[in-house]
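Asker: Attaching a predicted model along with its sequence, questions to come.
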Number of protein chains: 2
Amino acid sequence: MTASEIRALFAVASRPEVVSLAGGAPYIAALPLDAVGEMLGRLGSEHGSTTLQYGIGQGTIELREKICEVMALSGIDVGCGASPDDVVVTVGGQQAIDLVARLFLDPGDVVLAEGPTYVGALGVFQAAQASVVHVAMDAEGLIPAALESTIASVRASGRRMKFLYTIPTYQNPAGVTMSEERREQVLDICEREGLLVVEDDPYGQLGFDGDAPRPLRARRRDGVFYLSTFSKTFAPGLRVGWILAPHAVRDKLVIATEATILCPSAFAQAAVTQYLTTMPWREQLKVYREVYRERRDALLDSLEDLMPAGTTWTRPSGGLFVWATLPDGLDSKAMVPRAIAARVAYVPGTGFYADGTGQRYMRLNFSFPSPERIREGVRRLSGVMELEMAMRSVFGASALRPGQGGADVPGSQLA
Amino acid sequence: MTASEIRALFAVASRPEVVSLAGGAPYIAALPLDAVGEMLGRLGSEHGSTTLQYGIGQGTIELREKICEVMALSGIDVGCGASPDDVVVTVGGQQAIDLVARLFLDPGDVVLAEGPTYVGALGVFQAAQASVVHVAMDAEGLIPAALESTIASVRASGRRMKFLYTIPTYQNPAGVTMSEERREQVLDICEREGLLVVEDDPYGQLGFDGDAPRPLRARRRDGVFYLSTFSKTFAPGLRVGWILAPHAVRDKLVIATEATILCPSAFAQAAVTQYLTTMPWREQLKVYREVYRERRDALLDSLEDLMPAGTTWTRPSGGLFVWATLPDGLDSKAMVPRAIAARVAYVPGTGFYADGTGQRYMRLNFSFPSPERIREGVRRLSGVMELEMAMRSVFGASALRPGQGGADVPGSQLA
């Protein structure tokens, strides 16, 4: 499948008759849109001469201070050296990854990342002509022993390794969370090996069963870049994210962002600042958590009730995604057109591996569709899978056209 | 001067007591802010479930159609192959340049550009590890014979040349406009030499004395990338620009922007679309033109009245900038701290040359300060220059600390 074929599929997937479990979109309708609209209007009419004007590359000090308040909730506070001075505001979480990549990656470099990992990060590393080497994970996240052996084998191959990219909490796409113990082990290994850590944490505040383990950055002052975004906790349409960077490289990030976008939107920054200052954003987080918990439950229950034998899946305690493993012999990528024909969409696992593997997996999103739609989607998906298995048993493997590799799924559909 | 020193200087320059002729900001107060605010509010309250959500990498079809209407005003229309399908929405004009650079530039490549040229473009090319070779210009813009000889000498040196980056209309920083005749000559040369043209046109609709000559893209269907932005005609705080790309590379640009920012802000795109659909934007353009014409006149008159003998300057018929040449022996970069002390700011010419030359020039902005402030700024500047000349004649050249090269002025101050 080419990029344009996949794009065409997603265009079909966005039709109302298709249940899309493919997206990564928050449920924006849960926001108090009247109040948000009123706030945005005032930012234009009363403060337009600053909010509609250019700003500075690093982002406003007001927003950077608010970002520090948000991070403090997760334990990243003054005590571990977090300061507005070291925050760089970005165009969503995507630009945060891109800026770090620009700073560190040369063609041929190696980046370590969980396998599977965020498709948008793979796009960044590919654009930087770096190679991603995946590190295995299980239900407790990245496996420290696998990290050690991967580092050793990359070192042995003589290639330069620049950093570990990890989404430790409610991982995209796998939905798993790195345990407390492993967090310390992973940090110890990276410290010992002199490997930087890029911690991507878009979902950390979306836990359903109590708080997530503290971020890596809350445990180590040095050697960890912390990346996050307001796309999942407020609104992705404003495109506001951030990097908390080691002080020594903060200026370099600012120069890189100036070369890329000059400065982040003053209006979007003012909107987020105002939202965090005047609106009940902690309550809104609870609303999001409650909505997503109900939908996760709907997805897990539906999978339990409807999936064919041999299918397994993760049980996320937060975030937006479940990662399912198909019964032997099914190919999630080859199955996409038939799923779309049956009016259900998902992202095949191949999108989340740099090497084009992952045909046995699929990512299922539960944040956007309603519980009823989720159940209907799983019902349709299950029908497609059962048909595939029947065809395979009658006509053999050749009946199911295999996938042909490539990970170029349009990122904006997969956030 | 280091980047942080210059940043500190600009922080000082933004104090109310300093007249800043250094910026590149539009005069946002000329917008009907109440009406704009009301419009932005409705986009949140009535359309929040789409405007606050993710969008697609290329940008909305609604905005891309409006962009084609805007371009048609300058003669870039269906007749010359302009189509919404080939427009990619960007985070301001800066990301447009960056995306083209990402697509084409490898380390060591050569980019041709006017000397002087936009500091933010130099930042992009530097980040891409490309070398900028400047092509001389005069009051009629880029000099075709200089372009030919520069191409020949780069070819002779064996280096790869990827494109000509040009701002043909109301150039930043020089304020000059490429004549009709030269536009055809430049296009002919580039076509003959197989050199792509990247036409950056942020100011083309801000002409004071009738319309500008048609853009290069209106004259050639092939081989020209056309870049523009709503930062000067509506509001930079929204960060919305665009590229009209040759069809064959449109997909590559979309993949590159997805890797950089995932997708442009749905809210900002809806704001621009709504502005162009429901508000009298053509009338607003006239307002901007009228305001800037008055301010240009104030600047030119003040320079005429107050500048020391030996100073010369360009006479722009549109845009935001005048380019001044200092009397022999003065160094605009070394003079910056003393100008700031005298409560006036400008950008030294060194910011606009890749090779750190340009000490004899300064860029003066007339779009943001009022006519009275412009006159007061020129009065202060003239005082500083006269003092420099007096010191030089008494103590010799060593009294004036020379500049030390480097072009890393923070871009957001210089748009």
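Answerer: It's in. All values derive from a computational prediction rather than experimental measurement. Numbers count the residues shown, from 1 in each chain, chains lettered A, B, ... in the order given.

Asker: Now do the contacts for A:Pro144.
Answerer: Neighbour list for A:Pro144: A:Arg182, A:Gln185, A:Val186, A:Ile189 [criterion: Cβ atoms under 8 Å, 6 or more residues apart in numbering or on different chains]. Glycine gets a C-beta too; all of them are placed from N, C-alpha and C.

Asker: Just the buried residues of whichever strand or helix holds the last one, please?
Answerer: What that stands for is A:Ile189. Take DSSP states H and E as the rule and A:Ile189 turns out to sit in helix A:180-193. Neighbour counts over helix A:180-193 (16 or more other Cβ atoms under 10 Å in any protein chain shown) mark A:Arg182, A:Arg183, A:Gln185, A:Val186, A:Leu187, A:Ile189, A:Cys190 as buried.

Asker: Chain B contacts on the stretch 101-250 of chain A?
Answerer: Residues of the stretch 101-250 of chain A lying close to chain B (Cβ under 8 Å from any Cβ of the partner chain) are A:Arg102, A:Gly120, A:Gly123, A:Val124, A:Gln126, A:Ala127, A:Ser231, A:Ala235, A:Pro236, A:Gly237, A:Leu238, A:Arg239.

Asker: can you do 6 Å?
Answerer: Within the stretch 101-250 of chain A, the positions adjacent to chain B are A:Gly123, A:Val124, A:Ala127, A:Ala235, A:Pro236, A:Gly237, A:Leu238, A:Arg239 by Cβ under 6 Å from any Cβ of the partner chain.

Asker: in a strand, that's where the second one is, yeah?
Answerer: No: note on A:Val124: no strand contains this position according to DSSP: H, G, I helix; E, B strand; the rest coil, which reports helix.

Asker: How many neighbouring residues does it have?
Answerer: As a burial measure, A:Val124 scores 27 neighbours (other Cβ atoms under 10 Å in any protein chain shown).

Asker: Can you pull out the low-pLDDT segments for the stretch 1-150 of chain A?
Answerer: Within the stretch 1-150 of chain A, the segments meeting pLDDT under 70 span A:1-10.

Asker: mind listing the helices for it?
Answerer: Along the stretch 1-150 of chain A, counting by DSSP state H, counting those that start in this stretch, helices occupy A:3-13, A:33-45, A:48-51, A:61-73, A:92-104, A:119-127, A:144-156.

Asker: Which residues does the second one contact?
Answerer: Helix A:33-45 has contacts (Cβ atoms under 6 Å, 6 or more residues apart in numbering or on different chains) with A:51, A:270-271, A:274, B:33-34, B:36-38, B:40-41, B:44-45, B:48.

Asker: Could you verify my assumption that A:Val88 touches A:Ile243?
Answerer: Yes: look at A:Val88 against A:Ile243 with Cβ atoms under 6 Å: they come within range, at 4.8 Å.

Asker: just to revisit the earlier point, what is the distance between the helix holding A:Ile189 and the centre of its chain?
Answerer: Its chain's C-alpha centre and that of helix A:180-193 lie 22 Å apart, by Cα atoms, centre = their mean, to the nearest Å.

Asker: before we move on, what about stretch A:330-345?
Answerer: Counting by Cα atoms, centre = their mean, stretch A:330-345 is centred 23 Å from the centre of its parent chain.

Asker: Same check on stretch A:270-288?
Answerer: Counting by Cα atoms, centre = their mean, stretch A:270-288 is centred 21 Å from the centre of its parent chain.

Asker: same thing with stretch A:282-292?
Answerer: Between the centre of stretch A:282-292 and the centre of its chain there are 18 Å (Cα atoms, centre = their mean).

Asker: List the residues that contact A:Gly93.
Answerer: By Cβ under 6 Å, 6+ apart, the neighbours of A:Gly93 are A:Pro202, A:Leu227, A:Thr229, A:Gly241.

Asker: and with 7 Å instead?
Answerer: A:Gly93 is in contact with A:Asp200, A:Pro202, A:Leu227, A:Ser228, A:Thr229, A:Ser231, A:Gly241, counting by Cβ atoms under 7 Å, 6 or more residues apart in numbering or on different chains.

Asker: Kindly state the beta-bridge partners for the fourth one.
Answerer: To tie it back to what came earlier, the one meant is A:Ser228. In this structure, A:Ser228 bridges to A:Trp242 when assessed by DSSP bridges.

Asker: Ok, the first one next?
Answerer: For A:Asp200, the beta-bridge partners are A:Leu227 (DSSP bridges).

Asker: Could you tell me what pLDDT the model assigned to it?
Answerer: Per-residue pLDDT puts A:Asp200 at 98.

Asker: Kindly provide the distance from it to A:Ala113.
Answerer: As judged by Cβ to Cβ, to the nearest Å, A:Asp200 and A:Ala113 stand 10 Å apart.

Asker: Could you tell me which residues touch both of A:Val88 and A:Ile243?
Answerer: Counting by Cβ under 7 Å, 6+ apart, the shared contacts of A:Val88 and A:Ile243 are A:Leu253.

Asker: returning to that earlier point: any chance of the helices of the stretch 1-150 of chain A in TSV, plus distance to B:Glu372?
Answerer: Formatted as TSV, the helices of the stretch 1-150 of chain A follow (distance: least, Cβ to Cβ, whole Å):
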stretch	distance to B:Glu372
helix A:3-13	54
helix A:33-45	27
helix A:48-51	18
helix A:61-73	30
helix A:92-104	40
helix A:119-127	49
helix A:144-156	64
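
Asker: Single out the most deeply packed of the ones you listed.
Answerer: Highest mean neighbour count among the helices of the stretch 1-150 of chain A (mean count of other Cβ atoms under 10 Å in any protein chain shown): helix A:92-104, with a mean of 26.

Asker: contact partners of the helix holding A:Ile189?
Answerer: Around helix A:180-193, the neighbours that count as contacts under Cβ under 7 Å, 6+ apart are A:140-142, A:144, A:147-148, A:151, A:164, A:168, A:197, A:213, A:216, A:219-220, A:223.
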